[in-house]
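Novice: Sequence and predicted structure below; questions after.
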Amino acid sequence: MSSSLDKLRALTSRLEDKLEEKEKLPNDVASVPLKKENKAESTPKKQSETKIQKNNNRSNDTVREENILRVKALYEKLKIFEKSPDFDNIFIYKAMNLSGIGLKEEDFGEVRTGKYIQVIAITYEPDKNGKKKAKNISLGYFGKAETLEETLKNEIIEFVLRWRYEKAFQNLEHYKILIARVEVPADTLF
């Protein structure tokens, strides 16, 4: 569990770094190249703790607003709207992933030779027997891995990570509402 938490903290730290870098750039959809972390610099946990302390002055609402603006800009630039015309509907998906590019810590940003690059949304729909089955939906196709430009690769990765970041905010909001219902004395929760 702590390993997953450390990975989430490291991811959050990287996203916050990117947000800070984006603030320094003009308000266009310019992409900042992703870089491999130097393992000798410091542990992800220390980096995350430093980032959290540094960003205590910024509210979650501000970070979330900046993130959603960037997601929307990438949604348009990557032409995700061609497969999902309503921006708000991209958050109804249960998960989002990439095919052809690694997102795990050990292969982050690595393009898989011979594979095709796609943004994949995952939803659950009932099959003919009424059982829920995972269904993959391609939201964007970007060709063979070998022909993918570095800037485009970074924007695709950023879109998926920022989508996940917003989805995490939405889940937190859901649980805050549920907890508030428990804390309020009442005869029933409903």
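Specialist: Yep, that arrived. Residues are numbered from 1 along each chain as shown.
Novice: So which residues of this protein form strands?
Specialist: Assigned by DSSP state E, the chain shows strands spanning 95-99, 116-126, 132-144.
Novice: With residue 84 as the reference, name the closest of those.
Specialist: strand 132-144 (5.8 Å; C-beta to C-beta). Quick note: C-beta positions are derived from backbone N, CA and C, even for glycine.
Novice: what does that closest one rub up against?
Specialist: Strand 132-144 is contacted by residues 78-80, 83-84, 90, 93, 96, 114-127, 148, 152, 156 when judged by C-beta atoms under 8 Å, 6 or more residues apart in numbering.
Novice: pretty sure residue 81 contacts residue 88?
Specialist: No - taking C-beta atoms under 8 Å as the definition, residue 81 is not a contact partner of residue 88, at 11.6 Å.
Novice: so which of the strands of the chain comes closest to residue 17?
Specialist: Of all the strands of the chain, strand 95-99 sits nearest to residue 17, with 20.1 Å by C-beta to C-beta.
Novice: the bottom helix or strand of the protein by mean pLDDT?
Specialist: Lowest on mean pLDDT, DSSP states H and E among the helices and strands of the chain sits helix 44-54, with a mean of 56.
Novice: how about the biggest helix by length in the chain: buried residues?
Specialist: Of all segments of type helix in the chain, defined using DSSP state H, the longest is helix 150-183. Within helix 150-183, the residues that count as buried by 16 or more other C-beta atoms under 10 Å are 152-167, 169.
Novice: what sits against residue 169?
Specialist: Taking C-beta under 8 Å, 6+ apart as the contact definition, residue 169 lies against 60, 64, 67.
Novice: please redo it, this time with the cut-off set to 10 Å
Specialist: 60-61, 63-64, 67-68, 91 (C-beta atoms under 10 Å, 6 or more residues apart in numbering).
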